[in-house]
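Asker: Mind looking at a prediction? Sequence and model below.
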Amino acid sequence: MSLTTDFERLTLPLEHEFGISRGSSATAENVVVRVSDDGHTGVGAAAPSAHYGETVETVEAVLPDLLASVERVGDPANHQRIAAAMDDVVRANPAARAAVDIACCDLAAKRVGLPLSRHWGLDPASAPETSFTIGLDDTERMRAKTRDAVDAGYEILKVKLGTSRDEEIVEAVRDTAPDATLRVDANEAWTPREAVSNTEWLADADVEFVEQPVPAENPDGMRFVRERGALPIAADESCVTLADVPEVAEIADIANVKLMKCGGPSEARRLIHAARAGGLDVMLGCMVSSNAAIAAAAQLAPLVDYADLDGSLLLADDPYEGVPMPDGEIDLAAVDRPGTGARLAEPVANG
Ligand SMILES: [Mg+2]
């Protein structure tokens, strides 16, 4: 059975401009990929990040070669051969590869009629709750976003930090969400010494852990914070591919795995197991992106300790619906269809 493939750019407006320590944006640009046989279509998406050297333009530049590899292999379930065939023509470019891998995983699961998590043998009831991210903004707006998130039912909030008023922000968020589980993400903004001293007042505010306090280029700094700080440390920018895991296990407590950093769900599963073997807890994160990508990550959630899969929840509008996340609960059992669960929210009627 032969496969056909295509892709298209998707510009997604955000609910609020999304700010982190490195900058902010009002839209997310994704590239949706489709892989079809004569009965089913698998869907995936790339959410490229400039921090890892990708843009929608680089994704669109490499997709024709990656998709030609998939068509040559002809079997969407043969992830090993597809990965090797893609390696032959394109190296790196993890978000582009992730889109292709997601679409192939989706199609393979649709062919056997199973939701992807069940196809992988996972327990849908084991997914942890997802956090909801409060992006950087002026403090009063972060307070308002926190109030909205609490009113919407989210019980775990991830607060972006990395400003000169971090303490004021955490005070405002904690004041507005006294019962929420709080995590913070500095996106590499602190020096190791700042980070150690910040963990003191963050621990007093009952924060659960600190993500990427210092730059990934400074692994000794990460180790310093982990050894002297008052809170567990999660590695995000420090933990990109499988090859990073041995070092991450030395310098952090939690590995933040993202499909768009490592190249898709097939590689993410290897990364998750390797991280566990290294004694790390595992978090599944995401970029701001459509459910065409997030739904696949949600299917992996039973394998991890922490989930941060709010990428589609931050959008003003997503043409794709995926795995429902009422109050942050990743409700895999509610998805009664095969594959990742991603599908166009309002199918256009024929004619
Ligand atoms: Mg992060």
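Answerer: Perfect, I can see it now.
Asker: Not counting its neighbours along the chain, what's nearest the residue in the stretch 201-350 of the chain that the ion sits nearest to?
Answerer: Each residue of the stretch 201-350 of the chain has a distance to the ion, by C-beta to the ion, and the smallest belongs to Asp236, at 3.6 Å. (C-beta placed from N, C-alpha, C; glycine too.) Taking C-beta to C-beta, 6 or more residues apart in numbering as the measure, Asp236 lies nearest to Asn256, with 4.0 Å between them; neighbours along the chain are not counted.
Asker: ok, then the element right after the helix or strand harbouring the one you found?
Answerer: Counting by DSSP states H and E, the element that carries Asn256 is strand 254-257. Next helix or strand after strand 254-257 toward the C-terminus (DSSP H and E): helix 259-262.
Asker: and whatever helix or strand comes next after that next one, which residues are buried?
Answerer: Elements were assigned by DSSP H and E; along the chain past helix 259-262, the next helix or strand is helix 265-277. By neighbour count, with 16 or more other C-beta atoms under 10 Å as the criterion, the buried positions of helix 265-277 are 265-269, 271-272, 274-276.
Asker: Show me which residues of the stretch 151-300 of the chain sit near the ion.
Answerer: Within the stretch 151-300 of the chain, the positions lying close to the ion (C-beta under 5 Å from the ion) are 185, 211, 236.
Asker: now, among those, which is nearest to Gly44?
Answerer: The shortest separation between Gly44 and any of these is 21.8 Å, and it belongs to Asp236 (by C-beta to C-beta).
Asker: all helices of the stretch 201-350 of the chain, in order?
Answerer: In the stretch 201-350 of the chain, the segments counted as helices under DSSP state H, counting those that start in this stretch are 219-228, 245-251, 259-262, 265-277, 291-300.
Asker: cool, the stretch 51-200 of the chain as well?
Answerer: Listed in chain order (using DSSP H, counting those that start in this stretch), the helices of the stretch 51-200 of the chain are 56-73, 79-89, 94-112, 116-119, 139-151, 166-176, 192-204.
Asker: Select, out of those helices, the one closest to Leu303.
Answerer: Of all the helices of the stretch 51-200 of the chain, it is helix 116-119 that lies closest to Leu303, at 9.1 Å by C-beta to C-beta.
Asker: what is the mean pLDDT for that closest one?
Answerer: Confidence for helix 116-119, expressed as mean pLDDT, is 96.
Asker: on that earlier part again, need the contact list for the residue nearest to Asp236.
Answerer: Contacts for Asn256 were tallied using C-beta atoms under 8 Å, 6 or more residues apart in numbering; they are 211-212, 234-236, 239, 283-285, 308.
Asker: JSON lines for these, including pLDDT and neighbour count?
Answerer: Rendered in JSON lines, the data for these read as follows (pLDDT from 0 to 100; neighbours: other C-beta atoms under 10 Å):
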{"residue": "Glu211", "pLDDT": "98", "neighbour count": "27"}
{"residue": "Gln212", "pLDDT": "98", "neighbour count": "26"}
{"residue": "Ala234", "pLDDT": "98", "neighbour count": "29"}
{"residue": "Ala235", "pLDDT": "98", "neighbour count": "29"}
{"residue": "Asp236", "pLDDT": "98", "neighbour count": "24"}
{"residue": "Cys239", "pLDDT": "98", "neighbour count": "30"}
{"residue": "Met283", "pLDDT": "98", "neighbour count": "28"}
{"residue": "Leu284", "pLDDT": "98", "neighbour count": "27"}
{"residue": "Gly285", "pLDDT": "98", "neighbour count": "28"}
{"residue": "Asp308", "pLDDT": "98", "neighbour count": "25"}
